[in-house]
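# Any chance you could fold what I've pasted below:
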Amino acid sequence: MPPAFTDLRQDLHRAGYYPELVADVLDIAVADEPVVAHLVHPETTFDAAEVRRHVTVLVLTPTRLVVAHVDDHPADSENPSASAAATTESVPLAELRSVALTHVMATPEQHRAGDLAAELTLAIGWGAVSRVDLEPASCADPNCDADHGLTGTLTPDDVVVRVSAVAEGQDAVRAAAAFARQLSAASARGR
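I've put the predicted structure just below:
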């Protein structure tokens, strides 16, 4: 097994979320291409009734970005036992439209060259999924009560990964920044 895939497997085991399942679905999707870089991002979400875990894994190969996402599915009346759903998508680097990185700095006035962000959000777009945010349109006349329809924004939203130093630690932020740097460079070469 190539060293880069061994490093990926170690990070999957460190994340602790069905590491062998995630490794198997990635092995199929990567299809024996070398792993150039990877980012493993486990996340736990809470809603009113339950705690749900999931993991997003981004793998950069010389020709593609492979995205894997695995979710828990709790048991319910139709499915008596819990399960997990694992989805992978392979995107040719030439198809990437944007690699956006938002750096959140806690004390910007104290920033020194090389300081890490408190939080990074990596948004990668290739045109498969977009989010539409709509709101009622209005006009400048405060006395107008006409219906002006809707106005909105269409935002690419193929995959978004948010990493916080408070929640995941500085090493996770450092890993996300390193992956984003390599993906940015690869997306420019892929065109």
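# can you pull up the bridge partners for Pro136?
Listed by DSSP bridges, the beta-bridge partners for Pro136 are Leu150.
# Helix or strand: which one has the residue nearest the centre of the chain?
What sits nearest the mean C-alpha location of the chain, by CA atoms, centre = their mean, is Val161, with 3.1 Å. Assessed by DSSP states H and E, Val161 sits inside strand 159-164.
# Could you identify the helix or strand that succeeds that strand?
Moving toward the C-terminus from strand 159-164, the next helix or strand (DSSP H and E) is helix 165-168.
# Buried residues, that following helix. List them.
Of the residues in helix 165-168, 165, 168 count as buried by neighbour count, 16 or more other CB atoms under 10 Å. (C-beta placed from N, C-alpha, C; glycine too.)
# And the contacts of it?
The contact list for helix 165-168 (CB atoms under 8 Å, 6 or more residues apart in numbering) reads 116-119, 172-173.
# show me where the chain has helices.
3-15, 19-30, 165-168, 170-189 (DSSP state H).
# Nearest to Thr63 among the ones you listed would be which one?
helix 170-189 (9.2 Å; CB to CB).
# as a whole number, average confidence for the closest one?
The average pLDDT within helix 170-189 is 93.
# check contacts around the residue of the chain most remote from its centre.
Farthest-out residue of the chain from its mean C-alpha position, per CA atoms, centre = their mean: Asn143, at 44.8 Å. Asn143 makes no contacts at all, as judged by CB under 8 Å, 6+ apart.
# Tell me how far it lies from Leu150.
21 Å (CB to CB, to the nearest Å).
# coming back round to it: I'd like the helices of the chain as CSV, with distance to Pro74 appended.
Converted to CSV, the helices of the chain look like this (distance: least, CB to CB, whole Å):
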stretch, distance to Pro74
helix 3-15, 20
helix 19-30, 17
helix 165-168, 23
helix 170-189, 26
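# Please report phi then psi for the residue farthest from the centre of the chain.
Backbone torsions for Asn143, taken as degrees, to the nearest 10, come to phi -90, psi 0.
# Which pLDDT value goes with it?
Per-residue pLDDT puts Asn143 at 88.
# on that earlier part again, correct me, but the residue nearest to the centre of the chain touches Leu39?
Yes: applying CB atoms under 8 Å as the test, Val161 and Leu39 come out as touching, 6.8 Å apart.
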